[in-house]
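*Asks:* give me a 3D structure for the following:
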Amino acid sequence: MNEIKEILSTIQSEQRKAVLEYEAKLILKKMGINVPPSILAKTKEEAIEAARDFGFPVVMKLMSKEVIHKTDFGAVVINLHSEDEIKATYDDFIRRFVDMDVAGVLVEKMVSKGLELIIGTNTDSTFGPVILFGVGGVMVEALKDVVFRLCPTSQPQALQAIEEIKAKVLLDGFRGMPKVDKEQLSNLIVKLSELAWEYRDFIAEMDINPIIANEDGIFPVDARIILR
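*Replies:* Reported below is the predicted structural model:
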């Protein structure tokens with residue numbers, strides 16, 4: 001049994017449908033996808049050590065199967081610049097979520113601002129896994145500027161999809177915005193389509209949003225996977 005299948009099987013055996021973010025990012029890493037450096041801290045000391053290793057600023061996110069939509073619970077704190085802020089945030093999480101089943105706190109290197117994109121997958125009753133690409137972040141629901149492809153997707157198909165969104169001008173360095181590496185972006189679309197296809201017996205849907213494209217590269221900063 002390969003490592004990704006083992007992770008997904010373990011989660012299913014726990015009667016969970018939602019994959020926690022740190023588990024989802026571990027799966028992405030095993031697919032060869034570049035995600036921001038992060039660690040699941042089980043203690044305040046581990047959180048501080050992680051921040052020292054990554055360098056400030058960092059983001060802290062509560063990991064609990066009872067807190068799937070973390071922002072709704074105030075369970076995400078960004079732009080932490082000091083050890084004192086790490087300590088205060090960790091203590092706040094533990095105090096507020098003391099009655100919940102908490103797996104730990106994800107400490108992650110904060111990614112610089114850039115263009116926010118989305119790549120997601122869903123399962124169509126006729127065609128099976130399909131993948132979408134478009135403008136992400138908080139604008140995804142407002143703009144609905146996305147395109148779809150069947151999984152698995154080839155790189156030429158992914159490159160064509162990138163050119164089909166209405167906001168494609170934003171990818172070319174519009175008004176000082178970072179120019180997006182379309183080759184790297186198409187590789188990410190292909191890898192996520194392969195993940196959805198290869199593990200279609202496990203994965204019902206994925207939501208990688210936002211993906212931040214900046215001068216340093218392309219980074220999935222949030223990842224949600226729902227199992228069948």
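*Asks:* who touches the spatially closest residue to residue 223 that is not a sequence neighbour in this structure?
*Replies:* Spatial nearest neighbour of residue 223, chain neighbours left out: residue 24 (3.9 Å); criterion: CB to CB, 6 or more residues apart in numbering. Where C-beta positions appear, they are placed from N, C-alpha and C, glycine not excepted. Applying CB atoms under 8 Å, 6 or more residues apart in numbering to residue 24 gives the contacts 206, 223, 224, 225.
*Asks:* out of these, which sit inside strands?
*Replies:* Mapping those onto strands (DSSP state E) picks out 206, 224, 225.
*Asks:* quick one: the closest residue to residue 54 other than its chain neighbours and residue 52, what's the gap?
*Replies:* The spatially closest residue to residue 54, leaving aside those adjacent along the chain, is residue 109, at 4.0 Å (CB to CB, 6+ apart). The gap separating residue 109 from residue 52 is 11 Å, by CB to CB, to the nearest Å.
*Asks:* do you know the pLDDT at residue 143?
*Replies:* Listed pLDDT for residue 143 reads 56.
*Asks:* and residue 135, by the same measure?
*Replies:* pLDDT for residue 135: 87.
*Asks:* likewise residue 168?
*Replies:* Taking residue 168 on its own, its pLDDT is 88.
*Asks:* how far away is the nearest residue to it once chain neighbours are set aside from residue 217?
*Replies:* Nearest residue to residue 168, sequence neighbours excluded (CB to CB, 6+ apart): residue 162, at 6.9 Å. Using CB to CB, residue 162 is found at 16 Å from residue 217.
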